[in-house]
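In: predicted coordinates and the sequence they were generated for:
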Amino acid sequence: MTAAENVCYTLINVPMDSEPPSEISLKNDLEKGDVKSKTEALKKVIIMILNGEKLPGLLMTIIRFVLPLQDHTIKKLLLVFWEIVPKTTPDGRLLHEMILVCDAYRKDLQHPNEFIRGSTLRFLCKLKEAELLEPLMPAIRACLEHRHSYVRRNAVLAIYTIYRNFEHLIPDAPELIHDFLVNEKDASCKRNAFMMLIHADQDRALDYLSTCIDQVQTFGDILQLVIVELIYKVCHANPSERARFIRCIYNLLQSSSPAVKYEAAGTLVTLSSAPTAIKAAAQCYIDLIIKESDNNVKLIVLDRLIELKEHPAHERVLQDLVMDILRVLSTPDLEVRKKTLQLALDLVSSRNVEELVIVLKKEVIKTNNVSEHEDTDKYRQLLVRTLHSCSVRFPDMAANVIPVLMEFLSDNNEAAAADVLEFVREAIQRFDNLRMLIVEKMLEVFHAIKSVKIYRGALWILGEYCSTKEDIQSVMTEVRRSLGEIPIVESEIKKEAGELKPEEEMTVGPVQKLVTEMGTYATQSALSSSRPTKKEDERPPLRGFLLDGDFFVAASLATTLTKIALRYVALVQEKKKQNSFVAEAMLLMATILHLGKSSLPKKPITDDDVDRISLCLKVLSECSPLMNDIFNKECRQSLSHMLSAKLEEEKLSQKKESEKRNVTVQPDDPISFMQLTAKNEMNCKEDQFQLSLLAAMGNTQRKEAADPLASKLNKVTQLTGFSDPVYAEAYVHVNQYDIVLDVLVVNQTSDTLQNCTLELATLGDLKLVEKPSPLTLAPHDFANIKANVKVASTENGIIFGNIVYDVSGAASDRNCVVLSDIHIDIMDYIQPATCTDAEFRQMWAEFEWENKVTVNTNIVDLNDYLQHILKSTNMKCLTPEKALSGYCGFMAANLYARSIFGEDALANVSIEKPIQQGPEAPVTGHIRIRAKSQGMALSLGDKINLSQKKTSV
């Protein structure tokens, strides 16, 4: 293990602005100062040594003037000092002064104060010199019998580390600790002793556990956790032991400590796949989610439940627990609710769908009574979508769900109402038996709809699916009610001018007295300022939309009126009634056109809307069979095609998902019999404790071993030239929120390089965690230096710096070699993700940073170019494959990705193939990137620019 890889035990905060003190002033303070100045001087010495200063002259001063002091702060600082100070001569022998230090620590191990004894024992865990430890062994053994638990537990740790590093110093350690464990009463001491036995002598640990296996529930949680770890390791290495310990794990599921319950449930799942074991573990996880207040804990445990569900055999067990899982919805956090609803939806079956729908309906009604909050709106949307999915998968449920959801069409939150509308549109098309019910409910809530977008959708549904004479009449009545008095222009002008008179006459009295010589009302200005606001409030909804200048809804209304008029003509034989209905529909369209051309609306009508309304008037005046077919049949067919394509896509993704989950076994795969497997082959399944430890340390060697050339060598960056006195290259290892630079430094000269230091600085949202310590390099020697860099957000970063060193024996200043820049690639933080079209559009509107990249490539095929962009940016294409299939010379697609920091990145690809330039002409167009932060938008744009130029096809 190199010096750079040594475990760091002590972190010390160093103020950067202070001037480094001289060795003489420090010596003076340490010799003659009072306790306070000695403390400050000792702190400065420690910081200087950590920064690479040697200070050999101060060692004896500290031994003579500081070591004998009894002050606790100084004793604590001395422990840090002795940990970091060089204890050997250049040839590796122990310094003679260390004998004095060793004697001082022998005295501290016999000190009456338990804090001094305990902290000294902690310090001994960090010592790596056997010569220093040997004289202290009797004193360390004696500390096992000290009255205070703080000393005893640290004595156990000291014995464990000494036994692990220098077994010859205490060969009987396992036996000694086993005897100590049998008689010990304190929980923390027992835990440390048991942990040592697990790692040093597992058989003794099992012997002890066998004697007290029935009392495990009464132990403290720290000891229970170590017992769970032991059982997991033993059963993992030797599966025949499972039956012996599984009851103990079941008992630990009832522990009062959440940590023990979590670990016990995880261990139980790996030890047994019996339905009872899976059910007990899942139940334990659910209890943890409900009882724990921390949302992070809830999300972690939910992930474990989702992992359980991924196993086909466990899914059926979890289906019985859906109602328990839904109890998690009481958590106010949206992310937790989102995961819970997704999990419940994945587990729903015909057996429990009814209960699930009842709970979700109750939750939807609850959100209605809560004061408006952004998360409440989003939660309502989630519930609506979940009910939508349930109804599509289980059509019998739709009749129960629709009446509850229809109420939300009049909701102030447009997004939730849009989700309901989408659901209603799909339900009315798919389920013929529910059409009457949906139309009836739609007519009930129609007048209360507040959003113009929802109004348009509701008009379309009513126009498309009203099939009886009574329903058509009702729609016309509702439209008239929503439009108010017609003709609109005349009635609005009357309101502004003529309607004021009767009210004024009523409220103020005789008119004559209020008229001035010029014939105007004396109080007119006061009335006119108070009147319009009242009148605006009383406006019917559709009239309000039109006066606000939103004429797209008028075009939608014209289509609806045309459809119902054509249908009415087909249903009613009486010519007079037919003409009357058609004339009414035409009058409504004409009055809207008149309003659009007048100066009353805030915005005039657009040409497109005029064309659509005029077309509808023409269709009604002619009533041709062809138009009847287009309006009344083909519109519905397009919806049907869209819904079936959507359903097909969902089925395809579900099929892919289930194929992933189903473990396929090939005919010629060997069958593994557990009883016949050799012990060394048992490690085919990964040790979960080992995996979690590796993940925490950022060590992903296991994954990279499969293809070392593709992974490691691609990430090696040359930092200096081959002719430089010091050659350096770095392997850049990205581990989620931090980057580890493993720098190889080679001394290419024939001189010894002293204080060889790697100095780094960063640009972008990167931060150097610690300064790499200096090295001494022998001629033609090499060493590895590790540096950690923290990453705070998704944008391209640059690490730059130099290597400085002294040549031994040379009188010149320090030498410096400048390093090449290391560019940190944004792609390490971006992962493909999915979102709905509505969410994409909403984010597109909200995000303020846009980067427009011009396509400049030599790829000649549109689809190839899109696939190339997806591959090089790690983004996912949201546009369905069916929409991209075929060839028409141009292509538009939406891409989406999310960073590990939760930042969203959107892109819209609009490309075309200029056919007039021939078949070999490259793709042209633009890619627009939008993100919340400027860095993300620019970095993604740079990445696209770089990758599209490199390709040669």
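Out: Thanks, I have the structure now. Residues are numbered from 1 along each chain as shown.
In: Met98 reaches Thr89, doesn't it?
Out: No. Counting by CB atoms under 8 Å, Met98 sits too far from Thr89 to count as a contact (10.6 Å). (Glycine included, C-beta is placed from N, CA and C.)
In: more crowded one of the two?
Out: The neighbour comparison of Met98 against Thr89 (other CB atoms under 10 Å) goes to Met98, with 18 against 10.
In: quick one: the more buried one from Pro21, how far?
Out: 25 Å (CB to CB, to the nearest Å).
In: do Glu129 as well
Out: Glu129 is 29 Å from Pro21, where distance means CB to CB.
In: likewise Ile213?
Out: In this view, Ile213 and Pro21 are 60 Å apart by CB to CB.
In: tell me the contacts of Leu467?
Out: Careful, residue 467 is Ser and not Leu. Contacts for Ser467 (CB atoms under 8 Å, 6 or more residues apart in numbering) come out as 435, 567.
In: per-residue confidence at it?
Out: Among the per-residue scores, Ser467 holds a pLDDT of 79.
In: likewise for Arg242?
Out: Value for Arg242, per-residue pLDDT: 77.
In: hmm, Ala274 and it touching each other?
Out: No. In this structure Arg242 lies outside contact range of Ala274 using CB under 8 Å: 10.7 Å.
In: give me phi/psi at the residue lying closest to Thr89 once chain neighbours are set aside?
Out: Once flanking residues are discounted, Thr89 sits nearest to Leu95: 6.3 Å by CB to CB, 6 or more residues apart in numbering. Leu95 adopts backbone torsions of phi -70, psi 140, taken as degrees, to the nearest 10.
In: contacting residues for Leu95?
Out: Taking CB under 8 Å, 6+ apart, we find Leu95 in contact with 59, 86-89.
In: what of Tyr731?
Out: By CB under 8 Å, 6+ apart, the contact set of Tyr731 is 712, 715-717, 741-742, 744.
In: again, 10 Å this time
Out: 712-717, 740-744, 784, 786 (CB atoms under 10 Å, 6 or more residues apart in numbering).
In: show me the residues you listed that map onto strands.
Out: Judged by DSSP state E, strands contain the following of the contacts of Tyr731: 716-717, 740-744, 784, 786.
In: ok, the residues you listed vs Ala833, which is closest?
Out: Val740 (26.0 Å; CB to CB).
In: count of residues packed around the closest one?
Out: Here the neighbour count serves as a burial measure; for Val740 (other CB under 10 Å) it reads 17.
In: roughly how far does it sit from Pro772?
Out: The span separating Val740 from Pro772 equals 12 Å under the rule CB to CB.
In: tell me, what's touching the two both at once?
Out: 786-788.
In: what confidence value was assigned to Asn908?
Out: As predicted, Asn908 sits at a pLDDT of 92.
In: if I look at it, how far off is Arg898?
Out: As judged by CB to CB, Asn908 and Arg898 stand 17 Å apart.
In: and Ser451, by the same measure?
Out: Distance, Ser451 to Arg898, using CB to CB: 29 Å.
In: separation between Cys390 and Gln867?
Out: Note on Cys390: its distance to Gln867, by CB to CB, is 35 Å.
In: Ala558 is in contact with Ile605, isn't it?
Out: No. Between Ala558 and Ile605 there is no contact, the gap being 11.5 Å when judged by CB atoms under 10 Å.
In: if you count what's nearby, which of those two comes out ahead?
Out: Neighbour count, other CB under 10 Å: between Ala558 and Ile605, Ala558 has more, with 27 against 23.
In: element containing that one?
Out: Following DSSP states H and E, one finds Ala558 within helix 552-571.
In: and that helix, what does it pack against?
Out: Contacts of helix 552-571 with other secondary structure elements, assessed using 3 or more CB pairs under 10 Å, 6 or more residues apart in numbering; DSSP states H and E, are made with helix 452-465, helix 469-483, helix 541-547, helix 575-597, helix 607-622, helix 625-629, helix 635-661.
In: may I have the first one as PDB, with CA atoms only?
Out: When you say that, I think you mean helix 452-465. Output in PDB follows, covering the C-alpha atoms of helix 452-465 (Å, rounded to 0.1, in the frame of the first residue of the first chain):
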ATOM      1  CA  VAL A 452     -59.800  27.000 -21.900                       C
ATOM      2  CA  LYS A 453     -57.600  24.000 -22.800                       C
ATOM      3  CA  ILE A 454     -59.900  21.600 -20.800                       C
ATOM      4  CA  TYR A 455     -63.000  23.300 -22.300                       C
ATOM      5  CA  ARG A 456     -61.700  22.600 -25.800                       C
ATOM      6  CA  GLY A 457     -61.200  18.900 -24.900                       C
ATOM      7  CA  ALA A 458     -64.600  18.600 -23.300                       C
ATOM      8  CA  LEU A 459     -66.300  20.200 -26.400                       C
ATOM      9  CA  TRP A 460     -64.500  17.700 -28.600                       C
ATOM     10  CA  ILE A 461     -65.600  14.700 -26.500                       C
ATOM     11  CA  LEU A 462     -69.200  15.900 -26.400                       C
ATOM     12  CA  GLY A 463     -69.300  16.600 -30.100                       C
ATOM     13  CA  GLU A 464     -67.800  13.200 -30.900                       C
ATOM     14  CA  TYR A 465     -69.800  10.900 -28.600                       C
END
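In: can you give me the buried ones in the helix or strand hosting Ser491?
Out: Assigning secondary structure by DSSP H and E places Ser491 in helix 488-497. In terms of neighbour count (16 or more other CB atoms under 10 Å), helix 488-497 has its buried residues at 488-489, 491-492.
In: what of stretch 24-42?
Out: Going by neighbour count (16+ other CB under 10 Å), the buried part of stretch 24-42 is 26-27, 29-30, 33, 38-39, 41-42.
In: and which of those is nearest to Val475?
Out: Within the set of the buried residues of stretch 24-42, Thr39 lies nearest Val475; the separation is 87.7 Å, counting by CB to CB.
In: now do the end-to-end distance for stretch 547-558.
Out: 17 Å (CA to CA, to the nearest Å).
In: distance from it to the middle of the chain?
Out: Relative to the centre of its chain, stretch 547-558 is centred 41 Å away, using CA atoms, centre = their mean, to the nearest Å.
In: tell me the mean pLDDT for it?
Out: Averaging pLDDT along stretch 547-558 gives 85.
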